[in-house]
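Novice: Sequence and predicted structure below; questions after.
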2 protein chains.
Amino acid sequence: MAGSDERETRILDAALELITHYGYDRTPVSEIAEKAGVSKGAIYLHFESKTALFEALLNREMNAYADDWIKRLEADPEGGTIGSVYKHTLGAVNANRFMRAIFNQDRRMLGKYLNETDQMFNLKTAIEARATLIRRLQEVKAVRADADPYVVSYLISVLVSGITSMDAIMPEEDIPPFDDLLMTFGHMVDSYLTTDDEYDREMGKQVIREVVNQYRRASTEVDSE
Amino acid sequence: MAGSDERETRILDAALELITHYGYDRTPVSEIAEKAGVSKGAIYLHFESKTALFEALLNREMNAYADDWIKRLEADPEGGTIGSVYKHTLGAVNANRFMRAIFNQDRRMLGKYLNETDQMFNLKTAIEARATLIRRLQEVKAVRADADPYVVSYLISVLVSGITSMDAIMPEEDIPPFDDLLMTFGHMVDSYLTTDDEYDREMGKQVIREVVNQYRRASTEVDSE
DNA sequence: TTTTGACCAGATAGACTATTTCGGTCATAT
DNA sequence: ATATGACCGAAATAGTCTATCTGGTCAAAA
């Protein structure tokens, strides 16, 4: 299977563009095929169903999002605090229209897929993953101990969701520049969660680096499976 | 006009119950009349149009919400910080289903009213009002100077909106208890914004008390106009 | 004067049909 | 083997007509 992988990519590319533009419901498989330059039947050689195709796309974009997140984190010279982790989470989510729709469970774009009984993406899982990081940072005293990890993680998720979807509620021109939101958001999280102790903060950075590396390893495994 | 005021109240009560339950579009004036125990014509003696009725209700609920907010603030022994102000904002919004829909611009409940070109409620105005308080607190150094009032106010509004509407996106059982959210939210805002200096904090409490009193006076004026 | 409810024009919902579109399959061609 | 596109049944959509309902008015009753 030489060009097969490349073709699958082309199909997913086509699906991504059409779905982000017209939404899941209004994107027929036939048009995905046309845009990808293959026959409709060929699509069913790669994917079991439209739902499966969509979930493959979701999987790919999820990894792309994670890679972007890591890249942002590593590029940040001041990165390493919990605030920066979430700051770049927010940045990465915002940069990917598809993932934005996923995190916000946007009906406009995801349409009938949201009716599927067991979606592969689950908000609670995402919140819990973030909570785990907070918990580990608490263990090394890089995050204040009296914060409830799940509650904090939930609030941060609310913020990420809210910030990346306020344009649906409010005219664009009343929304502050995204970079300002990013910065303030990071400061807010940091000043609430990060401890004052220099030593503990360094430990925190290490933990975050560990988690990032784990994440990177996990995502490359998935890619080559 | 003796019982007229009382009747207007009854009409608004009926409208509130029907609209919060069925939404603006699916609540006919005739049903409001029936529930209020008056004729349909009578409603048009009190209000120019369905829209005007709705806005009268909005006005009333806005004041009720403000009163509730003040009551919560005053009942809080630790109240007085900016965090407590927003904590009780969140509490008051959450307690009023109607205001929740307003702050979140909920299409389900507000229906065609959202198409009205100039609604009396404007999110930007609300955000700017909150920003003004932050600005005044900065003047007396009760709030850190490097925070951009509009951006901070915007983020807080996103949180308030998000927290009171996540149930649309997420199953109830995955959402932390509201009181936990309230507390953490308050702490977060405080630890980011409130300064360490004891004296400045006292000044801050005074400013907040002033604003609250102004607010109370303004709202009673409206009530008796 | 105050209140009512019959009344109106326009909007909405419902029923029903005709047509198109869609996800998915499979005989055929390459 | 691999890929195609005509084809299928189911479902959505568009179109049409009708009956009901809605916001708002106003002559008449209280």
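Specialist: Received, thanks. Keep in mind it's a predicted model, so treat the numbers as computed, not measured. Residues are numbered from 1 along each chain as shown, chains lettered A, B, ... in the order given.

Novice: how deep is A:Ala145 tucked in, by neighbour count?
Specialist: Neighbours of A:Ala145 under the rule other Cβ atoms under 10 Å in any protein chain shown: 8. All C-beta atoms are positioned from the backbone trio N, CA, C, and that covers glycine.

Novice: Thought A:Gln138 was touching it, still the case?
Specialist: Yes - counting by Cβ atoms under 8 Å, A:Ala145 does reach A:Gln138; the two are 5.6 Å apart.

Novice: which bits of chain A sit near DNA strand D?
Specialist: A:1, A:4, A:7, A:25, A:38-42, A:45 (Cβ under 7 Å from any atom of the strand).

Novice: Pick the one among these closest to chain B.
Specialist: A:Asp25 (18.2 Å; Cβ to the nearest Cβ).

Novice: Next, the closest one: secondary structure please.
Specialist: Using DSSP: H, G, I helix; E, B strand; the rest coil, the structure places A:Asp25 in coil.

Novice: Report the contact partners of it.
Specialist: Taking Cβ atoms under 8 Å, 6 or more residues apart in numbering or on different chains, we find A:Asp25 in contact with A:111-112.

Novice: Give the buried residues for the worst-scoring helix or strand of chain A on mean pLDDT.
Specialist: In chain A, the helix or strand scored least confidently by mean pLDDT, DSSP states H and E is helix A:198-223, which has a mean of 79. Residues A:201, A:203-205, A:207-208, A:211-212, A:215, A:219 are the ones in helix A:198-223 that count as buried (16 or more other Cβ atoms under 10 Å in any protein chain shown).

Novice: now stretch A:8-16
Specialist: Per 16+ other Cβ under 10 Å, stretch A:8-16 contains these buried residues: A:8, A:10-12, A:14-16.

Novice: Any chance of JSON lines for those, columns distance to chain B?
Specialist: As requested, those are exported to JSON lines (distance: Cβ to the nearest Cβ, whole Å):
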{"residue": "A:Glu8", "distance to chain B": "31"}
{"residue": "A:Arg10", "distance to chain B": "33"}
{"residue": "A:Ile11", "distance to chain B": "29"}
{"residue": "A:Leu12", "distance to chain B": "26"}
{"residue": "A:Ala14", "distance to chain B": "28"}
{"residue": "A:Ala15", "distance to chain B": "24"}
{"residue": "A:Leu16", "distance to chain B": "23"}
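
Novice: May I see the buried residues of helix A:198-223 organised as CSV, with distance to A:Leu155 added?
Specialist: Output for the buried residues of helix A:198-223, formatted as CSV (distance: Cβ to Cβ, whole Å):
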residue, distance to A:Leu155
A:Arg201, 22
A:Met203, 24
A:Gly204, 19
A:Lys205, 23
A:Val207, 21
A:Ile208, 19
A:Val211, 20
A:Val212, 22
A:Tyr215, 22
A:Ser219, 26
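
Novice: which one of those is nearest chain B?
Specialist: Of all the buried residues of helix A:198-223, chain B sits closest to A:Arg201, with 15.9 Å by Cβ to the nearest Cβ.

Novice: wait, the closest one sits on A:Thr194?
Specialist: Yes - between A:Arg201 and A:Thr194 there is a contact at 6.6 Å, judged by Cβ under 8 Å.

Novice: can you list residues touching both of those two?
Specialist: Counting by Cβ under 8 Å, 6+ apart, the shared contacts of A:Arg201 and A:Thr194 are A:81, A:142.

Novice: Point out the residues in chain A that sit beside chain B.
Specialist: A:104-105, A:123-124, A:127, A:147-148, A:150-152, A:154-155, A:158-159, A:161-163, A:166, A:169-171, A:174-176, A:180-181, A:184-185, A:187-189, A:191-192 (Cβ under 8 Å from any Cβ of the partner chain).

Novice: Apply 7 Å and report the result again.
Specialist: By the rule Cβ under 7 Å from any Cβ of the partner chain, the part of chain A lying against chain B is A:105, A:123-124, A:147-148, A:150-152, A:154-155, A:158-159, A:161-163, A:166, A:169-170, A:174, A:176, A:180-181, A:184-185, A:187-188, A:191-192.

Novice: Separate out the buried members of those.
Specialist: Looks like the residues of chain A next to chain B have A:105, A:123, A:147-148, A:150-152, A:154-155, A:158-159, A:161-163, A:166, A:169-170, A:174, A:176, A:180-181, A:184-185, A:187-188, A:191-192 buried, using 16+ other Cβ under 10 Å.

Novice: Return the subset of those residues lying in strands.
Specialist: Taking DSSP state E as the definition of strands, those contribute nothing to them.

Novice: what helix or strand does A:Glu61 sit in?
Specialist: helix A:50-75 (DSSP states H and E).

Novice: for that helix, packing partners?
Specialist: Applying 3 or more Cβ pairs under 7 Å, 6 or more residues apart in numbering or on different chains; DSSP states H and E, we find helix A:50-75 packed against helix A:3-22, helix A:82-95, helix A:97-104, helix A:198-223.

Novice: show me the residues around A:Met120 that make contact.
Specialist: A:Met120 sits next to A:55, A:58 when contact means Cβ atoms under 7 Å, 6 or more residues apart in numbering or on different chains.

Novice: typo on my end, it should be A:Leu155
Specialist: Counting by Cβ under 7 Å, 6+ apart, A:Leu155 has contacts B:159, B:181, B:184-185, B:188.

Novice: what does A:Tyr24 give?
Specialist: Neighbouring residues of A:Tyr24 by Cβ under 7 Å, 6+ apart: A:54, A:109-113.

Novice: Could you pick out which of the residues you listed are located in helices?
Specialist: Among the contacts of A:Tyr24, DSSP state H puts A:54, A:109-110 in helices.

Novice: and the residue of chain A at minimum distance from DNA strand D, what helix or strand is that in?
Specialist: As assessed by Cβ to the nearest atom of the strand, DNA strand D sits closest to A:Gly41 within chain A, at 2.3 Å. Using DSSP H and E, the element containing A:Gly41 is helix A:40-46.

Novice: Go ahead and produce CSV holding the CA coordinates of that helix.
Specialist: Taking C-alpha atoms only, helix A:40-46 is exported to CSV below (Å, rounded to 0.1, in the frame of the first residue of the first chain):
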residue,chain,number,x,y,z
LYS,A,40,-17.2,7.3,-4.0
GLY,A,41,-16.7,3.6,-3.8
ALA,A,42,-13.0,4.1,-3.1
ILE,A,43,-13.9,6.0,0.0
TYR,A,44,-15.6,2.9,1.3
LEU,A,45,-12.4,0.9,0.7
HIS,A,46,-10.7,3.2,3.3
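
Novice: which helices and strands does that helix pack with?
Specialist: Helix A:40-46 packs on helix A:3-22, helix A:29-36, going by 3+ Cβ pairs under 7 Å, 6+ apart.
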